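Student: okay, here's the prediction I keep looking at, along with the sequence it came from:
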Amino acid sequence: MNDYNFDPKVRTVWWEDDGDGRAVVHMLDQSLLPQQVVYLHLTHEQQVAEAIAQLRVRGAPVIGVTAGFGMALAVTRFLAERDADRLETTPAEIEAHLAQVGQLLGQTRPTAVNLFWAIERMQRSTRQACQAGLSSQQLAEVLKAEAHQIAVEDVQACWQMGLHGAELIADGDTILTHCNAGALATTGIGTALAPVYMAAHTGKHVHVFVDETRPVLQGARLTAWELQQEGVPLTLITDNMAGYFMRQKRIQAIFVGADRIAANGDVANKIGTYSVAVLAHVHQIPLYVVAPCSTIDLALLSGEQIPIEQRKAEEVTTLYGTRIAPMDVAVANPAFDVTPHAYVTAIVTEKGIMRAPYTETLRARCMPSRQNKSE
Ligand SMILES: CSC[C@H]1O[C@H](OP(=O)(O)O)[C@H](O)[C@@H]1O
């Protein structure tokens, strides 16, 4: 890594015009890591939706960025196909088409609010362009620029969260993290891992204990791989070891990401985060949640209202296609849980470090960033 302006070695998702005005969404297929590094080149919004649903791209911020790219791709494809059929397309027809694409993408995963925030932002830009009387081609350019801006803001937010969060890490600290909230979950240097990277870049010695994070193993497969790529020392542990190392006083702080944060500071994050938070509370170890303002859902007063994604049983009963549980066994597979704000030491966003009571600070510091830049 080079200093301060380091770029993560991993590149999660980006897009290019393919020459005839159509957008191609390129993405690292995270479902194949760490054994295979494979990039997908998607030319249809259906493919983008499938990639999000199948966790080929995953992590709240990058899901939002990918949704923006998917909607911009859909518009360029829609226009190109109608041009090929020599059909005129009005901006209103584009707006109607985008409403369908927004539904398609919005049905992929229910918990990460960034997905819905990005869809709403793209649809808001469409409405504004239509009201301004722009042509269809001008509207397509506006949407491509908006999708790109969402990604630029994500990169910038990660950098700021790294700078703010690094203040919470002392030289020689061992940090525990759960799931993957690193560069692989964003288009920048990550959320929960951004402070780790920034602390390492400012000369602090940081060691990361990585929860494997059953059942999809985002820790063992993704965070361990990512930290190795970035040259950060790590120790991989199983989820049920976290309390053991906390009790041994081996962990000085815990950094996790978030998929949705309610207005009172309750945090929805990968399943197992609540267990880590309770253990941290018992052992008086600070638990820091790192997330951009686009993850904060001020419309929800508490975490009780956050929808929790239930995923397929096979994620629990098989490992790489090998069955590890008896046939016909009953399975529960919630992909997220909610950590009450009382267990959250601080929430780090691109706007700074916020501590309890959260309701006012989150509203004061994060409302503007949920508005479309053009509003
Ligand atoms: C920086 S947000 C990452 C967040 O998303 C993960 O869930 P998933 O891998 O299912 O998309 C997990 O909750 C991480 O904390």
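Tutor: Nice, I can see it.
Student: and the next helix or strand past the strand or helix carrying Phe255?
Tutor: Under the criterion of DSSP states H and E, Phe255 resides in strand 253-256. Downstream of strand 253-256, the first helix or strand assigned by DSSP H and E is strand 260-262.
Student: per-residue confidence averaged over that following strand?
Tutor: The average pLDDT within strand 260-262 is 98.
Student: low-confidence bits of the chain, can you list those?
Tutor: Counting by pLDDT under 70, the chain has low-confidence residues at 1-8, 368-375.
Student: how about the residue nearest the centre of the chain: what's its closest non-neighbour residue?
Tutor: By C-alpha atoms, centre = their mean, the chain has its centre lying nearest to Ala60, at 2.3 Å. Residue nearest to Ala60 in three dimensions, not counting chain neighbours: Ala112, with 3.8 Å by C-beta to C-beta, 6 or more residues apart in numbering. C-beta coordinates here come from the backbone N, C-alpha and C atoms, glycine included.
Student: can you count the residues close to the one you found?
Tutor: Using other C-beta atoms under 10 Å, the number of residues around Ala112 comes to 31.
Student: before we move on, what about the one 4 residues further on?
Tutor: Taking other C-beta under 10 Å as the neighbour definition, Phe116 ends up with a count of 18.
Student: in this protein, which spans are helices?
Tutor: Per DSSP state H, the chain carries helices over the ranges 45-53, 60-84, 91-106, 113-131, 136-166, 194-201, 224-230, 242-247, 273-282, 314-317, 358-366.
Student: how about the residues of this protein by the ligand?
Tutor: Within reach of the ligand by C-beta under 6 Å from any ligand atom, the chain has these residues: 58-61, 179, 181, 185, 191, 218, 256-257, 259, 269-270, 335.
Student: how much space between Gln310 and the ligand?
Tutor: 12 Å (C-beta to the nearest ligand atom, to the nearest Å).
Student: hmm, that residue is touching Val331, no?
Tutor: No - using C-beta atoms under 8 Å, Gln310 makes no contact with Val331, being 10.2 Å away.
Student: what about Trp159, how many neighbours?
Tutor: Trp159 has 19 neighbours, counted by other C-beta under 10 Å.
Student: dump the residue contacts of the nearest residue to Pro334 once chain neighbours are set aside.
Tutor: Distance criterion C-beta to C-beta, 6+ apart; nearest residue to Pro334, sequence neighbours excluded, is Ile308 at 5.1 Å. When contacts are counted by C-beta atoms under 8 Å, 6 or more residues apart in numbering, Ile308 touches Pro110, Thr111, Ala268, Pro334, Ala335, Phe336, Asp337, Val338.
Student: burial of the first one, as a residue count?
Tutor: So that's Pro110. Quick note: Pro110 (other C-beta under 10 Å) scores 18 neighbours.
Student: how much space between it and the ligand?
Tutor: From Pro110 to the ligand the distance is 11 Å (C-beta to the nearest ligand atom).
Student: measure that residue to Ala53 for me?
Tutor: As judged by C-beta to C-beta, to the nearest Å, Pro110 and Ala53 stand 11 Å apart.
Student: now swap in the last one and tell me
Tutor: Relative to Ala53, Val338 is positioned 22 Å away (criterion: C-beta to C-beta).
Student: for the second one, same thing?
Tutor: Between Thr111 and Ala53 the distance, using C-beta to C-beta, works out to 13 Å.
Student: pretty sure Gly68 sits against Ala147.
Tutor: Yes - in this structure, Gly68 is within contact of Ala147 by C-beta under 8 Å, at 3.8 Å.
Student: any residues in contact with both of those two?
Tutor: Counting by C-beta under 8 Å, 6+ apart, the shared contacts of Gly68 and Ala147 are Met122.
Student: how many residues are close by Asp20?
Tutor: 9.
Student: neighbours of the residue nearest to it when sequence neighbours are not counted, how many?
Tutor: Of all residues not flanking Asp20 in the chain, Ala80 sits nearest, at 6.7 Å (C-beta to C-beta, 6+ apart). Neighbourhood size, Ala80 [other C-beta under 10 Å]: 16.
Student: do Ala299 as well
Tutor: 10.
Student: what's the answer for Asp85, then?
Tutor: 8.
Student: now swap in the one 3 residues further on and tell me
Tutor: Residues lying near Glu88 (other C-beta under 10 Å) number 8.
Student: which ones are touching it?
Tutor: Contacts of Glu88 by C-beta under 8 Å, 6+ apart are Arg82.
Student: likewise Ala183?
Tutor: So Ala183 contacts Pro8, Lys9, Val10, Thr12, Cys158, Ile189, Gly190, Leu193, Glu226, Glu230 (C-beta under 8 Å, 6+ apart).
Student: swap in 10 Å and give it another go.
Tutor: For Ala183, the contacting residues are 7-12, 59, 62, 158, 189-191, 193-194, 197, 222, 226-227, 229-230, by C-beta atoms under 10 Å, 6 or more residues apart in numbering.
Student: over to Tyr39?
Tutor: Arg11, Val13, Trp14, His26, Met27, Leu28, Asp29.
Student: ok, 6 Å please
Tutor: Going by C-beta atoms under 6 Å, 6 or more residues apart in numbering, Tyr39 touches His26, Leu28.
Student: next: Gln107.
Tutor: Applying C-beta under 6 Å, 6+ apart, no residues contact Gln107.
Student: what of Leu42?
Tutor: Val25, Val48.
Student: beta-bridge partners for it, please?
Tutor: When assigned by DSSP bridges, Leu42 has beta-bridge partners Val25.
Student: from Arg77, how far off is it?
Tutor: Taken as C-beta to C-beta, the span from Leu42 to Arg77 is 11 Å.
Student: is it true that Ala220 touches Asp211?
Tutor: No - assessed by C-beta atoms under 6 Å, Ala220 is found out of contact with Asp211, at 8.5 Å.
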